[in-house]
Each structure stands twice: as structure tokens, then as C-alpha cells.
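1. Pasting the sequence and the predicted model now:
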Amino acid sequence: MSSTQIPDLRTLLGSRRGGPSRGRGRGRGGPGASHEDQAAVRDSAVRGTDQDAAGSRVSCVELGYLHDPYAKLFATQPSTRRLPLLNRGTYVRTSAIDLLVDKFLTTDPESPKQIVSLGAGTDTRYFRLRDAYPSTKIVYHEIDFPSNTAAKLSSIRRHPQLLTKLSSSSAQQTPNLPPAAKSYDSPIYNLHALDLRSLASTEDGPSTTLPNLDPSAPTLILSEMCLIYLQPKAVSDILDALLNKHIPAPTPVSLVLYEPILPEDAFGRTMISNLSTRNIHLPTLTAYPELADQRQRLKKYGFETGFCAADTHFIWREWVGDEEKARVAGLEMLDEHEELDLLLKHYCIAWGWRDGPEDNVFTNAWSHIRKQEKG
Amino acid sequence: MSIGGSDLDKAIQQLRSCRPIPENQVRELCYKARELLIEEGNVVGVDAPVTICGDIHGQFHDLMELFRVGGDVPDTNYLFMGDFVDRGFYSLESFLLLLCLKVRYPDRITLIRGNHESRQITTVYGFYDECLRKYGSANVWRYCCEVFDYLALGALVTGAATSLSPTDGPLAENTNLDALPSQDEEIEIETLNAAGEIMYRYARNSDSQSSNTSQPNSNPASSSPVQTPSRVGAAGTGATSSANGSSRNDTGAVLCVHGGLSPLIDTIDKIRLLDRKQEVPHEGAMCDLLWSDPDEIDGWGLSPRGAGFLFGADIVKCFNHKNDLSLIARAHQLVMEGFKEMFESTIVTVWSAPNYCYRCGNVAAILELGEDGSNAGYVRRSNGDQGGGGGGWVLGSNVGPNGQATNSNRRLSSVLGESLQQRSRDGPGRRYRVFEAAPQDSRGMPAKKPVADYFL
């Protein structure tokens, strides 16, 4: 038995928590960074969450939960095997969003589609979608802090298999990425280096414009553990700007959220307290504690055609087919069922949409997705 | 260097302060422990009074809290139902301390095997890695695994009293005095918080108790230890108004096993015939005893864990009847309230790792069974006298972890009626002590505070 096969629980003790992020922009500032004010420390902690997600993704890929040849190219830290229940949770999260995205892209496959991924970090979805839907016209946008986008571009620059995905056809030359580049614009892939909060409207209109954003293409906005870190007012301002200024009606727009719920029970209280020791705060969690609140919130943002939410426990049971469940269950021995149920019930996917008067792309795409009635 | 006598006491002292003992001492200790355990049958006979504990999972500071709440060894007899190691950060110290206590006070402490006392599981869930980190080699992990192979598979508690001698403790805040049974009633269940204050007390066959056996156990997220239970009964108890209809008998024996029953085992004697001195197999009776779970099903079902089985109320009642048992006590499953009785109190899950994995927010419990007869052997613990961190979460009230719930004016007079001498076909009197995680500042955390993983 080699020690590399053994999960290194030291990572749970904090090796991931410390240290600079190896020349890839700033890591988290941490509570010791006395020169930063509190807000900056928090922003920094939020930026640092991305490597958590990247590590979880790599762990899942290496064990066969997910197929993602790109995950490893973005992880900056040596891969560590996560506990089986975390792998299962990452699997449910990723495959649930993949399902919603797939239904969207395969509805009217000839028509152009747009995806805006908020706080995308090292997410590999764009690269995976290029492989999975080579003939679908997708304009992809990712928005994140400049430190994260610069790091992402630097990873892309290092790996030809990523770099080639930035051009629309193999005939085209691989794009030139200057070493200091923080953002990238093209008709198919855009990396916008900005603080999400700057997207919110001012009186004169959106204060920030997004190059290559198509105001007429049906657009799926994705927030995987992103908007949760902002104040409820900031979130509704950002969505107001996106839905009314950047991509105004009648263009169909949808929002897919992945975030925790149920902050008020024992598990939820412990989660809030544990994360706050890492300077991570989840302002919208307490504002929208339950699935019903998530649905209402989507409606309030303007996603009035449909507003749905399901916890990931429900999604594992209802969205994943029996054969796939058996495959996933066979990947690792899982002895943490009660804990897994707890964990899965405390995260949800919420999805809402606004279709156009003549374009029902999201209704057509998602009407058969199983909704959770209770909760 | 031999470990015995004063050396052993020294080792105990060192481990109590959460410092590992040297590798050669571990080797010696494990050798001694194996000599002792090899003499035990697969099912250890244990006399009441005894305090039954569930999973510990390396949460050393919470184990210390358990001893504070339940009384120290050797003053209190303990039966630990396995899963000493993995998940928490102090599996090594927790297991070695329990092992030292076993060697030092063999008749005072019983250790049985959990599914985590296995080479395969400890390599995935942390104990192997912890040994490697703390000793630089896998030797200590290997010694411990050799001990695991000798741990008994179960224990049979006999001589437990059918009624509790009520504690003389104060009422916890928000405990409804009127809801407590009158003095001439037999006490079947009592629940105390970490300060020894009475949270609930139920008389046998009381109409005020409603069975919550129908409460699905698949929804732990919805249950909070500080919410008022929706049913009259105490959270976690399935007692007992219909207990007379069950197939219990008056022997009062309690089978303790980590997981549960096996379709290959219909009598306790069949457990005794197993060859246990091996790594936990992937299937078969020995595996099932350590892996199975009770569930709201009929008969047997496949376990989602991939090992062991699910078994329903009919299986438990049939097994208990056939084997003259009044109760099966088992661990293995996280329960947010620390304990959970099922199937008309024919089986109980006891969980002793509070705030499991530093993430789950649950409380823990231990189960005390008194001695039959006059209960003369029952010694009231003095641990509730310690102030400060003693304010436990109070089931059914809104008193928070540090709530001051002491009210010495509301003491119940002690009830020692003749009814205690009466024996019925019912199960033993059960006193649950519920406690929460040790206060943060009492833990010398490694380097930094442990940070549980979440999806970020």
C-alpha cells in the first residue's frame, strides 16, 4: 500500500488553508492580514474558495465520479482524495447543473445560446461543453475577480489542450494570450475580470459592459456558490441589471443557483459557525433559508415563467438514474450515509426562467425536470 | 520496558492529557490487550450496572466530556460499542486510552468491535494516516489492527433493573413538572442533560407517552436538538405505551452490538460460534453484526452502505423473543438527538460523538442501565456539580448550549417505591445522559482549529 493511495487527512487540518497560491494572483488574505480591512479579507476568503472547488473536482475525476479531462489542469495544489461523502456531493452538484445545461443546449440546437457563469473561477464547464456540443453555437462568459481570471488564463496558456478551445475552429490560429492578461474576449469564450457588484445598474444604465454579450441570445446565468457570498440587495441589483439592461426582455433568460439552505437547524448553525472561522460568510443563506424562499426569490428577480428548487438529496434520488446510481455507489465504499443525507439536504439547486413571448426555450427545455414539491 | 502497574497508570495519565505514548509502549499495551481479549468470548457477558456508549470516532475531547458526564473509570462500568477510531483527529489517543483502561480495569470496561476497527476502513477514513503522521511509520497502526481482530463482536448485559431509581437532580429549565410521572409510578425512561438535570422522565405504560416509532429515520436534517419535539414523547424515545403487547420477557437481557442483526444469525449462540479473530470480512455474519441497520421495512433489505443489511421491526421482535432479550442496543448511525429508540423500544441506537466530524451539530448520548434489585449499586454521579460548561442542550426547550438551567429549588424528591421490586416483561429502565461537544477552548486543537469541509 503506497502512501499516495491513502487520503491525507492533513489537508483537513489546514494545509489548504495557508500559504500563497503559487504565483497565481492572491490567495486568501486570511484573518492575519492586518492591513486589509474586513471586507477585503472577506473578498479574499471568497476568492480562495475556488481552490476548494477545484480540489473537490479533481478528487471526483480521479475516482471516476466525473469525466473531466480539464479539471486537473486548473488545480494548483496536489490532488488530495476527498472523503467519499464529499465526492458524492460534488458529483450530485456537477451532474445536476450539467443536466440543466444539457437540456438548454439541446433544445432548438440550431439556435445560438449564451451562458454567463458568475464567479466561475477554475470551472471547466466551457471546455467540457465544447467537446460535448461541438456544433452548437455557444457564447460563453465567465466573470470573476481579476486575480482569479488572470490565474485561469495563465493555466490556459500553459496547456495547449485548453488553448485550442479558445478558437472556434481548428483552422484558426491559437489565440495569443499576453502573459499579464487578466481578461479575454472572443465571439465564443470570454473571461471578464471584474467584481460582480460592478455589474449592478447605476441610474444611467449598467456601469460595466460585458464585451461580446449578446442581448438577444437565450441566456443561462449560472451561480455555483457565488451569489451566496454577496448581500441580498447586491444580488438583486446585479440580477436586475442583467435581466433588464444587459439582456433585456424579450430575450429568454434563466438563472441556475447552487447554494446551501436550512441555516437554522443544528447542521446549518454549525456550518455557519465553521465557515465564519474561515472568514466565509453567506449573507443570502439567512435571507432565503428554505426551498420555498428560493423559489420566491427567483420569481421576485423576474424569472416568472418558472421558478423551481430542489435539494441535492432529492436530486440524487430523483434525477440520477438507477444504473448511474449503481455505478456511482460502486466507486467508493461509503460509510457516512446519515451524514451524507444531512449534507445533501443542506444544498440546493434553484432554477428559474423568463421565456420570451415567441421563444419558450427554457419551458421546453426544463418542463420535464422533476421538481421537489415540499420544502 | 513493560507496561503494567505504575507504568500503565502513567500511560493512562499521559493519554488523558491527549499525548500519545511511545511506540514501544503501544506495542506492549497491544500485546497485553490481546492476551486479555483472546480470553473473551465473541459475546461478552456484562453485569449491570453499566453505561453503554456508541461511536467515538477519535473525538478525544468529547470522550473526556463523556467520562465527565457519565462518571470516570473505574467508578462507572462502561461498555463501548465500537467505532473508536477514524474521522476525528485523535483516534490514536482515544483508542489507546480506552485500551489502557481495559488492561488496567478489565472488569470495568468492555470494548466491542465496530466496522471502523478494520484495516480496510481505517486506511480510507483517517486512522492509518493519523498513525503515520504521529509516529512516522505504520507500526502503531498495525499493532492496533491486531487488537481490532481480537475485539468481541457483542456483549450481553444481564441483571439490569426494570425500573430506574430516579435521580435526585434538579429539573432542567423548561421541564414541565406536571408532565413528570407521579411518585408511585415506575420510571422506565429518564433523560438527563450534561449537568445532570432532568429533561424528561417517563413512567412505564404511561398514557402520556406516545410512540414515535413511525417517525422516519431518514430525515435527520429536520430534527434539531433544541426544537420542541412535535410529539409528546421525548425525542429519540419510542416508549412504550404499547409495550405490553410486545414479545418481551422478564429476563431483561440486553444485546449490545455495533451494527445490528444478520440473516445468518438467529440465536446468540450462533454469534458465539463465529471465528472472529480476523479482519472484518466483506460479507457474512460477522460483517453483518458490524454493518447492519434497523429500518422501517418488513424483513430484510439491502443496505445502501454496501455491507450488512437493513432489518425491520419483525426481525428484531422475533430475535428478541427467541433469545430472551428485552432490548438490542447498537450504535453505528448518527442520530441528531444522541439516541433513538425504535420498534416499540425493542432496539435503540446510541450515538456518543457530539457534533460529529465537527460538522453535524448533533448532541450525543450514553445509556445507563441500573442494577436489578434495590438499585443499591447505583451511585449517583457527582459530575453534574461542575459548573460552567455543564449546561447541556436541553431537548424540548430553547436553552442553548450555555444556557443556565439550574434551579436547585425544583428538586424532585427521590422515589424509591416497592414498585422497583416488581418485574414485568418489559425492558430495562433506561437513563440517557445527553451531552454536547466539549467546549472549544478545552481542546488543544492541532495547529489550527479543525475545519470541516463544505461545498464552496
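-> Received the coordinates, thanks. Here the structure is a predicted model, which is why all the values come from computation and not from measurement.
2. For the residue of chain B found nearest chain A, which non-adjacent residue is closest in space?
-> The minimum distance from chain B to chain A, using CB to the nearest CB, falls at residue B:361 (3.1 Å). Bear in mind the C-beta positions are built from the backbone N, C-alpha and C, glycine included. Closest residue in space to residue B:361, ignoring its immediate chain neighbours: residue A:266 at 3.1 Å, by CB to CB, 6 or more residues apart in numbering or on different chains.
3. count of residues packed around residue 355?
-> Answering for chain A, as no chain was given. 23 (other CB atoms under 10 Å in any protein chain shown).
4. Sorry, I should have been clearer: chain B.
-> The number of residues packed around residue B:355, counting by other CB under 10 Å, is 21.
5. give the contact list for it.
-> A:270, B:62, B:361-362, B:436-437 (CB atoms under 8 Å, 6 or more residues apart in numbering or on different chains).
6. Please repeat the previous calculation with a cut-off of 10 Å.
-> Under the criterion of CB atoms under 10 Å, 6 or more residues apart in numbering or on different chains, the contact list for residue B:355 reads A:266-267, A:270, A:274, B:59, B:62, B:361-364, B:436-438, B:452.
7. and the helix of greatest length in chain A, what does it pack onto?
-> For chain A, the longest helix by residue count, based on DSSP state H, is helix A:38-63. With contacts defined as 3 or more CB pairs under 10 Å, 6 or more residues apart in numbering or on different chains; DSSP states H and E, the packing partners of helix A:38-63 are helix A:71-74, helix A:84-105, helix A:146-158, helix A:266-276.
8. which residues are contacting the shortest one?
-> The one in question is helix A:71-74. By CB under 10 Å, 6+ apart, the list of residues contacting helix A:71-74 from outside reads A:24, A:50-51, A:53-62, A:68, A:79, A:94, A:121-124, A:127-128, A:151-152, A:155-156, A:158-159, A:161-162.
9. Recalculate using a threshold of 8 Å.
-> Residues from elsewhere that reach helix A:71-74, judged by CB under 8 Å, 6+ apart: A:54, A:57-58, A:60-62, A:79, A:122, A:124, A:152, A:155, A:158-159, A:161-162.
10. Quick one, which of these are buried?
-> Burial of the contacts of helix A:71-74 was assessed by neighbour count (16 or more other CB atoms under 10 Å in any protein chain shown); the buried members are A:54, A:57-58, A:60-62, A:79, A:122, A:124, A:152, A:155, A:162.
11. Quick check: the two most widely separated of those?
-> Between all members of these, the longest pairwise span (CB to CB) is found for A:62 and A:152 and amounts to 20.8 Å.
12. Touching, residue A:75 and residue A:122? I think so.
-> Yes. Here residue A:75 reaches residue A:122: they are 7.2 Å apart, a contact under CB atoms under 8 Å.
13. okay, and the common contacts of these two?
-> Shared contacts of residue A:75 and residue A:122, counting by CB under 8 Å, 6+ apart, come down to A:51, A:54, A:57.
14. any idea how far the closest residue to the last one other than its chain neighbours is from residue A:312?
-> Looking back up the chat, that one is residue A:57. Closest residue to residue A:57 apart from its sequence neighbours, by CB to CB, 6+ apart: residue A:71 at 4.4 Å. Residue A:71 sits 20 Å away from residue A:312 when distances are taken as CB to CB, to the nearest Å.
15. got it, and residue B:49?
-> As for residue B:49, its distance to residue A:312 is 45 Å (criterion: CB to CB).
16. Looking at these two, which is more packed in?
-> In this view residue B:49 and residue A:312 are compared by other CB under 10 Å, and residue A:312 has more residues nearby, 25 against 21.
17. and the more buried one, what is it in contact with?
-> Contact criterion CB under 8 Å, 6+ apart gives A:89, A:92-93, A:96, A:344-345, A:347-349 as the residues in contact with residue A:312.
18. count of residues packed around residue B:306?
-> 14.
19. Could you count how many residues lie near the residue lying closest to it once chain neighbours are set aside?
-> Nearest residue to residue B:306, sequence neighbours excluded (CB to CB, 6+ apart): residue A:333, at 5.8 Å. Under the neighbour criterion other CB under 10 Å, residue A:333 is assigned a count of 15.
20. Please tell me I have it right and residue A:333 contacts residue B:125.
-> No. In this structure, residue A:333 sits apart from residue B:125 without contact. The criterion is CB under 8 Å, and the distance is 9.6 Å.
21. The helix or strand encompassing residue A:257 vs helix A:84-105, what angle?
-> Secondary structure here is read from DSSP states H and E; on that basis residue A:257 sits in strand A:253-260. Strand A:253-260 and helix A:84-105 meet at an angle of 180 degrees, taking axes from the mean of the first three to the mean of the last three CA atoms, to 10 degrees as the criterion.
22. May I have the secondary structure class of residue 328?
-> Using chain A here. Judged by DSSP: H, G, I helix; E, B strand; the rest coil, the three-state class of residue A:328 is helix.
23. was after chain B, sorry
-> Classification of residue B:328 into helix, strand or coil gives strand, according to three-state DSSP.
24. What pLDDT does the model give the closest residue to it other than its chain neighbours?
-> Spatial nearest neighbour of residue B:328, excluding adjacent residues (CB to CB, 6+ apart): residue B:347 at 4.4 Å. Confidence per residue is given as pLDDT, and for residue B:347 that number is 97.
25. Kindly report the same for residue A:153.
-> At residue A:153, the pLDDT recorded in the model is 94.
26. what residues are up against it?
-> Residue A:153 neighbours (CB under 8 Å, 6+ apart): A:177, A:181-184, A:191.
27. Quick one, which of those residues are buried?
-> With burial judged by 16+ other CB under 10 Å, the buried subset of those is A:181-184, A:191.
28. Could you verify my assumption that the residue of chain B closest to chain A touches residue A:264?
-> No. If you go by CB under 8 Å, residue B:361 and residue A:264 don't touch, sitting 10.9 Å apart.
29. which one of those two has more residues nearby?
-> A count of neighbours by other CB under 10 Å puts residue B:361 above the other of residue B:361 and residue A:264, at 23 against 15.
30. coming back round to it: could you export the helices and strands packed on helix A:38-63 as a markdown table, including distance to residue B:273?
-> Listed next are those as a markdown table, based on distance: least, CB to CB, whole Å:
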| stretch | distance to residue B:273 |
| --- | --- |
| helix A:71-74 | 50 |
| helix A:84-105 | 34 |
| helix A:146-158 | 60 |
| helix A:266-276 | 42 |
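31. where does chain A have low pLDDT?
-> Of all residues in chain A, those with pLDDT under 70 make up the ranges A:1-36, A:169-174, A:201-207.
32. element containing residue B:144, please.
-> Mapping residue B:144 onto the secondary structure by DSSP H and E places it in helix B:139-148.
33. Show me the helices in the stretch 51-200 of chain B, by range?
-> Assignment of helices within the stretch 51-200 of chain B using DSSP state H, counting those that start in this stretch yields the ranges B:60-70, B:91-104, B:119-125, B:127-135, B:139-148.
34. how about the first one: buried residues?
-> Just to be clear, that refers to helix B:60-70. B:60-70.
35. Torsion angles phi and psi at residue A:116?
-> phi -120, psi 110 (degrees, to the nearest 10).
36. how about the longest helix of chain A: buried residues?
-> Applying a neighbour-count criterion of 16+ other CB under 10 Å, one finds A:41-63 buried in helix A:38-63.
37. Just want the angle from that helix to helix A:84-105.
-> Taking the same axes, to 10 degrees, helix A:38-63 and helix A:84-105 form an angle of 90 degrees between their directions.
38. what's the angle from helix A:38-63 to helix A:146-158?
-> Helix A:38-63 runs at 30 degrees relative to helix A:146-158, counting by the same axes, to 10 degrees.
39. sec struct for residue A:352, please.
-> strand.
40. Just list whatever residues bridge to it.
-> residue A:255, residue A:307 (DSSP bridges).
41. What separation is there between residue A:214 and chain B?
-> From residue A:214 over to chain B the distance is 31 Å, taken as CB to the nearest CB, to the nearest Å.
42. separation between the residue of the stretch 51-200 of chain A found nearest chain B and residue A:39?
-> Nearest to chain B in the stretch 51-200 of chain A, going by CB to the nearest CB, is residue A:52, at a distance of 4.3 Å. For residue A:52, the distance to residue A:39 equals 21 Å [CB to CB].
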